[in-house]
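Q: sharing a model prediction with you, sequence too.
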Amino acid sequence: MSQQGEYHADMMAEFLRGSGGAAVIDGGLATELEANGADLKDALWSARCLFTCPDLIRKVHLDYLEAGASVLITGSYQATIQGFLSKGFSQEESESFLRRSVELACEARAIYLEKCSNGSDEAKDVTKYRKRPILIAASVGSYGAYLADGSEYSGDYGNEGTLEFLKNFHLRRLQVLAEAGPDVIVFETIPNKIETQAYVELLEECKLRIPAWFGFTSKDGVNVVSGDSLIECASIADSCKEVAAVGINCTPPRFIHELVLSIRKVTSKPILIYPNSGESYDPIRKEWVECSGISNEDFVSYVKKWHEAGASLIGGCCRTSPDTIRGISKALHGV
Ligand SMILES: [Zn+2]
C-alpha cells in the first residue's frame, strides 16, 4: 500500500478502535430537516437550507450527536456550484455555501464536545453526552442528485454522463469541500460504474489528503441501481488508495445483509452502511410514499446482523431519525 493509503487505513482503524469496534453514522439529514419544518420542495432540496435555515442544520447535527452518532454527514449532498448558479447566486456565494455546510457540522461537534466536558447537570446524562471521537464527513451527492429528477436512483444519465463530463462536474465542488476542513469526503448514493470511475480518477488526481468513503445504492440487493455490477463498482473503489471505506446508503434495509456479504468478497476496507427506512420516494411530487417502509424497531433489529456480516460503520439515510440512531447506538454499544 502507498504511504497515503496506509495513513488513511490507520486513521480509520484508530477511529473504529476509539468507537468500540463499530461506529454509528448519523441518520437522514434532509428528511429530518423536513420533519423539523424545513421546506425542501425545490431543485436544491436540502441544500436550500444552507441559506434559508443554517441554524436548523446545526440543530439537527446536534440532535444526531445526542442520539449517539459519531459521524456527521454535512448538508452538501445536493449542494453544487452549478445548482446555486442556476438560482442566481455568484460563484463566490456558491462556494461559500459549500464551505458553510462543513462549518455547521464542525460547529455542532464543538458545541457537543464542550457540553460533554463542562460538568453541568445536563452533561451528566450519559445516554446523551459521551466524549468520543467524532468525524465530519463532507457529503458529495451524485450527478443525479443535482438533476433533482430521481436519476440517482436509476443511474441513467443519458448522453451527458461521460467520464470527462462527470469529472468536470464534480471537480471544483470536491476541492472546495476538502479545503473546508472535513475529516472525510463521503460520496453518497452512487448509482453506476461510470460515476464510481470518475470519483476514483478525481481522487487520484486531486490529492485531497483526507480519505474518501463510497456509498452505493441498490434496489435489488444484487447490483447498483443502474444495473451495473456492485462487485465491479466496489472493486474499483477498493483499488483506490484514497478510499478508506466502501458500502451502501439510501437502500432498503431488507437488501443490506446480502449487499454487505457481496462487498466483503472484494474489499478488506471497512464497510459502511446507512440504509433508508425502506419507503420509496416520488421524485416528481418530491414526496415519500409511506407504508412501504419498516418501523424503527425492525430497522434496529437488523443492526447486529449487519455488523456480524462485516459492516463497521452503521447509520441511517432518508426517513430515519434521531430515534433510529439511538436504537443503533444501543444495539452496538448498549447506550
Ligand atoms: Zn437517502
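A: Cool, got the structure.
Q: give me every residue that touches residue 183.
A: 135, 136, 137, 210 (Cβ atoms under 8 Å, 6 or more residues apart in numbering). C-beta here means a position set from N, CA and C on the backbone, and glycine is covered the same way.
Q: could these be laid out in TSV, adding secondary structure?
A: Below are the contacts of residue 183 laid out as TSV (DSSP: H, G, I helix; E, B strand; the rest coil):
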residue	secondary structure
135	strand
136	strand
137	strand
210	coil
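Q: the ion: which of those residues is nearest?
A: residue 137 (14.0 Å; Cβ to the ion).
Q: for the closest one, list each beta-bridge partner.
A: On DSSP bridges, the residues paired with residue 137 through beta bridges are residue 73, residue 184.
Q: show me what from the stretch 201-335 of the chain comes close to the ion.
A: Listed as neighbours of the ion in the stretch 201-335 of the chain under the rule Cβ under 5 Å from the ion: 250, 276, 317, 318.
Q: got a winner among the residues you listed for most neighbours?
A: Tallying neighbours with other Cβ atoms under 10 Å puts residue 317 at the head of these, with 28 neighbours.
Q: what about this structure, any weak spots by pLDDT?
A: Along the chain, the parts satisfying pLDDT under 70 run over 1, 290-292.
Q: mind checking the longest helix of it?
A: Ranked by residue count and defined by DSSP state H, the top helix of the chain is helix 91-117.
Q: helices and strands around that one, which ones?
A: Helix 91-117 makes packing contacts with helix 49-52, helix 54-66, strand 71-73, helix 81-85, strand 135-141, helix 163-179 when contacts are defined by 3 or more Cβ pairs under 8 Å, 6 or more residues apart in numbering; DSSP states H and E.
Q: what about the fourth one, distance to the chain center?
A: Yep, that's helix 81-85 we're talking about. The chain centroid and the centroid of helix 81-85 are separated by 21 Å under Cα atoms, centre = their mean, to the nearest Å.
Q: what helices or strands is that helix leaning on?
A: helix 91-117, helix 163-179.
Q: look up how far residue 206 lies from the residue of the stretch 151-300 of the chain found nearest the ion.
A: The minimum distance from the stretch 151-300 of the chain to the ion, using Cβ to the ion, falls at residue 250 (3.2 Å). Distance, residue 250 to residue 206, using Cβ to Cβ, to the nearest Å: 25 Å.
Q: ditto for residue 261
A: From residue 261 across to residue 206, the span is 32 Å (Cβ to Cβ).
Q: which secondary structure state does the residue nearest to residue 297 when sequence neighbours are not counted sit in?
A: What sits nearest to residue 297 in space, not counting adjacent residues and going by Cβ to Cβ, 6 or more residues apart in numbering, is residue 327, at 7.4 Å. Secondary structure state of residue 327, per three-state DSSP, is helix.
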